[in-house]
Structures are given as structure tokens and as C-alpha cells.
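Participant: Need coordinates for the below:
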Amino acid sequence: MTDIGELRRLAGRDSLFAALPEDSARKVAALGKARKFARGEALFQQGDAGDCAYLILSGAVKVSVVSAAGREIVFAYLSVGDLVGDISVLDQRPRTASATAAEAVNTLVILGADLQRLIADTPELASAVIRFLCARLRSTNELLESDRSFQTGPRLARGILRLLREHGHGEGESADRIDFAISQTDLGAFVSLSRENVSRQLKDWSRAGLLELKAGKIIVKDREALEEAAEGEF
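Facilitator: The predicted model follows:
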């Protein structure tokens, strides 16, 4: 049985479960059937039929597309308390992106028809889903702005700060590490930089004391300096 209280405690502040009253959260979880995914395993592929959504109980999921030139573009990372695949469930159209387990992931699989009925019967759930989708859209807009307006350092710093805000270990602005390991290739795909540029910048910041890299995880040592780097001031 899913521990709703613990799930809501672990959920990121922009996650669906963080926005839901506990009673509504229980109703959503009651619809699901448990399913596990190994690291690198696909939950679904871009273009697949969208007949279900996945509520993440543990782990992290990468949401990405492949461009016409064959380059992977990572839109988001989702983790505990987030819903994956909700767009196709709501508009009943094919998947807009692929979802892949960034590490071992435990989920609850919720059939689209069941989720739609619950949303129709539960106004507070409908409002929470709208806020959740709006938060994701804002984050994507910020990422696009960084792609167009900033050079390597500020762009990478903004990407790390976004991951820290959404998936950081700690409360709010005191979060100092991202909860899951992320490769330099995937981090590059997230901020539209090459792996080589990401590696070079991370090494520079590590030597300067801004952050530390440990077993693929990023630990921020000087958040103020990283925020300055995000504005091009470091």
C-alpha cells in the first residue's frame, strides 16, 4: 500500500502531489497499479498511444525528444509525486515526448479513462493538474529563454539551479544537491550544450569551489556564486 503522507512529504514543491489535498491524493493513488522500471528503460516513446499516466513513487524520469538532426533534447526531469504522460491522457493524442527512467523508478500506472473520470468528479484535482501543467510550461519557457539568451556558463548554471529547485535535497533555497545522478551528456541535452562544454565548465566550477561532483551527482557548495554565474556575473 502506498504511504500517501510519506509520498507527499518527499514530493517536490512543483509536483502534482504537493498541490493536492491529501484526500484527493489518496483517490489518485488508489487508481494505480504498481510497476517498476530499470535505469534506462522506457516508460513510453514519442508517438505512442497515450492510454495511461504514471505517478512516480521513487526515482527520476527523463522527458525528451529527438530532433530531425538526431540530437536528443531533454525537456524535463520528473521525480517523486510527479505525473508522467498526463498530456496524452488529457488530450487523447499520441505521446509528445519519450519518457525514460534516469535511475530505477517505482510508479503507479493509472489508466487514462480512470484519471479523466476522477478529474471530472474532483474539481480540486482538476485545478491541481492545471497548476502542475502550468509550472512545467513555465520551466520549459525558462529553458528556451536560456538557450537563446545566454552563453555556456549562465546556461548551465540556470539548468543546474532549475534541477536543484525541482529535485534538490533540502528545503527550498537551502537545497544543496540534486537527488539523482545525471550524466554530462544528459545534462548537456537538458541545457542544449555539448558534453565537452559541460565537462569543461563543471571542472572550472569544481576547482573554484562552486560545486562538487560525486558518483554522478552534483553537490552545490556555493549557491550564491552559482546564482551569480546564472546571471553572467561570475
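Participant: If we go by neighbour counts, what in stretch 98-105 is buried?
Facilitator: 98, 99, 100, 101, 102, 103, 105 (16 or more other C-beta atoms under 10 Å). Yep, even glycine has a C-beta here, placed from its N, CA and C like the rest.
Participant: actually stretch 21-33, not the one I wrote
Facilitator: Buried residues in stretch 21-33 (16+ other C-beta under 10 Å): 24, 25, 27, 28, 29, 31, 32.
Participant: before we move on, back to that, now, the most widely separated pair of the buried residues of stretch 98-105?
Facilitator: 98 and 103 (16.3 Å; C-beta to C-beta).
Participant: circling back: out of the buried residues of stretch 21-33, the closest to residue 232 would be?
Facilitator: For the buried residues of stretch 21-33, the residue nearest residue 232 by C-beta to C-beta is residue 25; the value is 40.5 Å.
Participant: quick one, what contacts the closest one?
Facilitator: Contact analysis of residue 25 by C-beta atoms under 8 Å, 6 or more residues apart in numbering lists 4, 7, 8, 17.
Participant: Is it correct that the first one is in contact with residue 30?
Facilitator: No - distance between residue 4 and residue 30: 9.5 Å, which falls outside the contact criterion (C-beta atoms under 8 Å).
Participant: can you list the weak-confidence ranges in the protein?
Facilitator: Counting by pLDDT under 70, the ranges of the chain that qualify are 1, 12-14, 143-150, 169-175, 233-234.
Participant: which residues in it form helices?
Facilitator: All helices of the chain, identified by DSSP state H, fall at 4-10, 16-19, 22-30, 86-91, 112-121, 123-149, 152-167, 184-191, 195-208, 223-230.
Participant: Now do residue 64 against residue 98, distance only.
Facilitator: 6 Å (C-beta to C-beta, to the nearest Å).
Participant: Neighbours of the closest residue to residue 229 other than its chain neighbours, how many?
Facilitator: Spatially, and ignoring its direct neighbours in sequence, residue 229 is nearest to residue 157 (4.0 Å; C-beta to C-beta, 6 or more residues apart in numbering). Per other C-beta atoms under 10 Å, the neighbour tally for residue 157 reads 26.
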